[in-house]
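*Asks:* heads up, no residue letters with this:
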């Protein structure tokens, strides 16, 4: 990927993913929508729309990038009929920290990457950065997995919500999806 | 600053800063323009426009942030009648590096922050991140200084162009400005 990829997630009347649950985990939720669409261009008709860019890594070291690359699988696997979209906004306190302080909380204290590794390759993920776009969320993460890995996915999100890093989350919405076709 | 600040730099027919020189340092330049404007809203009429966001630090440690904060001065000083706008684009090779590899080149090898410190507070700077916005440049840095510090500013930019970090720069334009009022 030579340049960042802009992705639009939209709550829509008809789309590729059916919304099975939309839950406000922390702070305000989002309006209900029957379907969700994911496109590289803006969707003209939608109930809400979130934008984010797939961009360079922010905390992972070269070793961690190599480890992840050796384990993770990509989006669009035939068996991945379940998905989740989790938009997150972190606090001003988080963003006022320096790079080494954020890294320390992210990995040395919270083991974000290490913790996630044990759910790979069952869960495929793609992180979208949204803060610099002026969006209401800082990150939008897209997850895909097969129905038999739902409990692994539940364990992953529960696990991440116990960490010191998660104390800096001030808004989180958890949207669960099933492939519509 | 609780949320990123979006700034628009535009080459215009009439504005607060007169363009005294516009030079392509590496790669393509930008079209000539008699004046430059800097606004938080888009400018309707312009010859070209570059956008960037003032956002959180990407490489500086807490110690470095404290050291910089103790020395640097802000934009808008009465004597700062000279300015420069330097948009930069780095290569795909740079962006494919992990965070620790980019930090290593940025500071341990190139001493970007340490090198810049000796030109403070004479030169005031503000960095704008542009890559995730889909702009043609990755960064747009705005500099302000008094006419008597022009040679210090020249030394700063020359100095940064000698570093290992600068080998990853694939496009750079150097625009010099004088306050128009």
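*Replies:* Cool, got the structure. None of the values given here were measured: they were computed from a predicted structure.
*Asks:* so where do the strands sit in chain A?
*Replies:* In chain order, chain A shows strands spanning A:5-12, A:17-26, A:35-39, A:48-54, A:82-90, A:124-129, A:139-145, A:169-179, with DSSP state E as the criterion.
*Asks:* those residues of chain A touching chain B, which are they?
*Replies:* Within chain A, the residues that sit near chain B (CB under 8 Å from any CB of the partner chain) are A:2-4, A:6, A:53, A:55-62, A:64-65, A:92, A:95-101, A:103, A:129, A:131-134. The way it works is simple: take the backbone N, C-alpha and C, and place the C-beta from them, glycine included.
*Asks:* who's in contact with residue A:42?
*Replies:* A:8, A:49, A:51 (CB atoms under 8 Å, 6 or more residues apart in numbering or on different chains).
*Asks:* bridging residues for the residue lying closest to the second one once chain neighbours are set aside?
*Replies:* The one in question is residue A:49. Closest residue to residue A:49 in three dimensions, ignoring its sequence neighbours and counting by CB to CB, 6 or more residues apart in numbering or on different chains: residue A:10, at 4.5 Å. On DSSP bridges, the residues paired with residue A:10 through beta bridges are residue A:37, residue A:49.
*Asks:* bridged to the residue most central in space within chain A, which residues?
*Replies:* To find the centre residue of chain A, average its C-alpha atoms and take the closest one (CA atoms, centre = their mean): that gives residue A:141, at 1.2 Å. For residue A:141, the beta-bridge assignment (DSSP bridges) gives partners residue A:86, residue A:127.
*Asks:* residue A:100 contacts residue B:61, correct?
*Replies:* Yes - in this structure residue A:100 lies within contact range of residue B:61 using CB atoms under 8 Å: 4.3 Å.
*Asks:* show me what contacts the residue nearest to residue A:60 when sequence neighbours are not counted?
*Replies:* Once its chain neighbours are removed from consideration, residue A:60 has its nearest residue in residue B:98; the separation is 5.7 Å (CB to CB, 6+ apart). Residues near residue B:98 by CB under 8 Å, 6+ apart: A:57, A:60, A:61, A:62, A:64, A:65.
*Asks:* hmm, back to that, what residues are up against the residue nearest to the centre of chain A?
*Replies:* Under the criterion of CB under 8 Å, 6+ apart, the neighbours of residue A:141 are A:85, A:86, A:87, A:88, A:125, A:126, A:127, A:128.
*Asks:* what's the distance between residue A:139 and chain B?
*Replies:* According to CB to the nearest CB, to the nearest Å, residue A:139 stands 12 Å off from chain B.
*Asks:* leaving out the residues flanking it, which one is nearest to residue A:144?
*Replies:* Excluding its sequence neighbours, the residue lying closest to residue A:144 (CB to CB, 6+ apart) is residue A:80, at 3.9 Å.
*Asks:* where does chain A have low pLDDT?
*Replies:* Along chain A, the parts satisfying pLDDT under 70 run over A:1.
*Asks:* check the burial of the closest residue to residue A:149 other than its chain neighbours by counting its neighbours.
*Replies:* Distances taken as CB to CB, 6+ apart put residue A:122 closest to residue A:149, at 4.1 Å, once the chain neighbours are dropped. Summarising burial for residue A:122: neighbours were counted as other CB atoms under 10 Å in any protein chain shown, giving 17.
*Asks:* please apply the same query to residue A:72.
*Replies:* As a burial measure, the neighbour count of residue A:72 was computed by other CB under 10 Å and equals 16.
*Asks:* likewise residue A:2?
*Replies:* By other CB under 10 Å, the burial measure for residue A:2, its neighbour count, is 8.
*Asks:* test my guess that it contacts residue B:92.
*Replies:* Yes - the pair residue A:2 and residue B:92 qualifies as a contact (CB under 8 Å) at a distance of 4.6 Å.
*Asks:* OK, contacts around residue A:166?
*Replies:* For residue A:166, the set of contacting residues under the criterion of CB under 8 Å, 6+ apart consists of A:110, A:160.
*Asks:* follow-up on the earlier one: taking the contacts of residue B:98 one by one, which sit in helices?
*Replies:* With helices taken from DSSP state H, the overlap with the contacts of residue B:98 comprises A:62, A:64, A:65.
*Asks:* separation between the first one and residue B:104?
*Replies:* Here residue A:62 is placed at a distance of 10 Å from residue B:104 (CB to CB, to the nearest Å).
*Asks:* now do the last one
*Replies:* Separation of residue A:65 from residue B:104 (CB to CB) stands at 14 Å.
*Asks:* and what of the second one?
*Replies:* Relative to residue B:104, residue A:64 is positioned 15 Å away (criterion: CB to CB).
*Asks:* out of these two, which sits in the more crowded spot?
*Replies:* Looking at residue A:64 and residue B:104 with other CB under 10 Å, you find the greater number of neighbours at residue A:64, namely 19 against 16.
*Asks:* nearest spatial neighbour of that one, skipping sequence neighbours?
*Replies:* Closest residue in space to residue A:64, ignoring its immediate chain neighbours: residue A:113 at 5.1 Å, by CB to CB, 6+ apart.
*Asks:* residues touching that neighbour, list them.
*Replies:* Neighbours of residue A:113 in contact, by CB under 8 Å, 6+ apart: A:59, A:60, A:64, A:67, A:68, A:107.
*Asks:* check residue A:172 too.
*Replies:* A:24, A:25, A:26, A:27, A:86, A:87, A:88, A:89.
*Asks:* which single one of these is nearest to residue A:151?
*Replies:* Of all these, the one sitting nearest residue A:151 is residue A:86; the distance, using CB to CB, is 17.0 Å.
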